[in-house]
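> task: produce atomic coordinates for the following.
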Amino acid sequence: MSDTSVNGGPQPQDGAPLLNGLAQYTRDLSFENPNAPRSLTPQEKAPQISIQVNVGAQQLSETDFEVELKLEGNAKVDNDTLFAFDLTYCGIFRTQNIPAEDLHPVIMIECPRLLFPFARQIVADAVRGGGFPPLYVDPIDFAALYRERAEQFAEAPAQAQ
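So this is what the prediction gives:
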């Protein structure tokens with residue numbers, strides 16, 4: 001007989017680290033097409049697309065964390081906005097047997113990596129629903145983003161002195 005959890009997922013064997021996704025959901029989604037229908041006509045110039053990514057986490061219990069992936073972006077031609085979007089996509093994750101020194105990177109790298117494909121599809125569908133070709137956000141290196149943010153925080157106290 002095999003060991004399984006209540007939700008059918010695997011149980012850690014011999015203290016092996018385990019990360020389970022318990023739920024994922026859209027917390028907030030906004031799409032704007034402020035210049036429609038004028039913005040839907042073919043453009044002479046390629047739009048400039050800008051995307052910002054933020055990751056946040058909140059501990060819910062000893063083993064459970066809510067991870068928030070926020071994608072904000074817009075497309076502009078000159079100073080005219082074609083469209084803008086703002087998505088906050090979240091997941092609840094349970095950790096087991098993950099060493100304390102590895103927990104923060106797992107939460108801030110692996111969890112958003114698991115959420116990203118779903119958030120990417122929501123953005124593509126929203127942009128397509130707004131009358132434009134779907135915008136498929138390029139893959140994000142969450143490990144590099146994590147290192148970049150860690151370096152910024154390390155430099156901040158030094159600059160404050």
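
> hey, let's count contacts and neighbours off CA atoms from now on
Will do.

> contacts for stretch 115-131 next, please.
24, 31-33, 40, 69, 83, 85, 87, 89-91, 133-137 (Cα atoms under 8 Å, 6 or more residues apart in numbering).

> that stretch: which residues count as buried?
115-116, 119-120, 122-127, 130 (16 or more other Cα atoms under 10 Å).

> also stretch 73-90?
For stretch 73-90, a neighbour-count test (16+ other Cα under 10 Å) marks 73-76, 81-90 as buried.

> alpha carbons only: can I get that stretch in PDB?
C-alpha atoms of stretch 73-90 as PDB (Å, rounded to 0.1, in the frame of the first residue of the first chain):
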ATOM      1  CA  GLY A  73       2.400  45.900 -18.600                       C
ATOM      2  CA  ASN A  74       1.400  48.100 -21.500                       C
ATOM      3  CA  ALA A  75       1.900  48.600 -25.200                       C
ATOM      4  CA  LYS A  76       2.400  52.100 -26.600                       C
ATOM      5  CA  VAL A  77       3.100  53.700 -29.900                       C
ATOM      6  CA  ASP A  78       4.700  57.100 -29.400                       C
ATOM      7  CA  ASN A  79       2.700  58.400 -26.400                       C
ATOM      8  CA  ASP A  80      -0.500  56.600 -27.200                       C
ATOM      9  CA  THR A  81      -1.400  53.600 -25.100                       C
ATOM     10  CA  LEU A  82      -2.700  50.700 -27.100                       C
ATOM     11  CA  PHE A  83      -3.500  48.600 -24.000                       C
ATOM     12  CA  ALA A  84      -2.500  48.100 -20.400                       C
ATOM     13  CA  PHE A  85      -2.900  45.200 -18.100                       C
ATOM     14  CA  ASP A  86      -2.400  44.400 -14.400                       C
ATOM     15  CA  LEU A  87      -2.600  40.800 -13.100                       C
ATOM     16  CA  THR A  88      -2.200  39.500  -9.600                       C
ATOM     17  CA  TYR A  89      -2.100  35.700  -9.700                       C
ATOM     18  CA  CYS A  90      -1.600  33.700  -6.500                       C
END
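
> so what's the gap between that stretch and the chain middle?
16 Å (Cα atoms, centre = their mean, to the nearest Å).

> then stretch 73-93?
Remark: stretch 73-93 is offset 12 Å from the chain centroid, using Cα atoms, centre = their mean.

> which residues touch Val137?
120, 123-124.

> and it, what pLDDT?
You'll see Val137 listed with a pLDDT of 95.

> ok, the one 4 residues further on next?
Model confidence at Asp141, expressed as pLDDT, equals 96.
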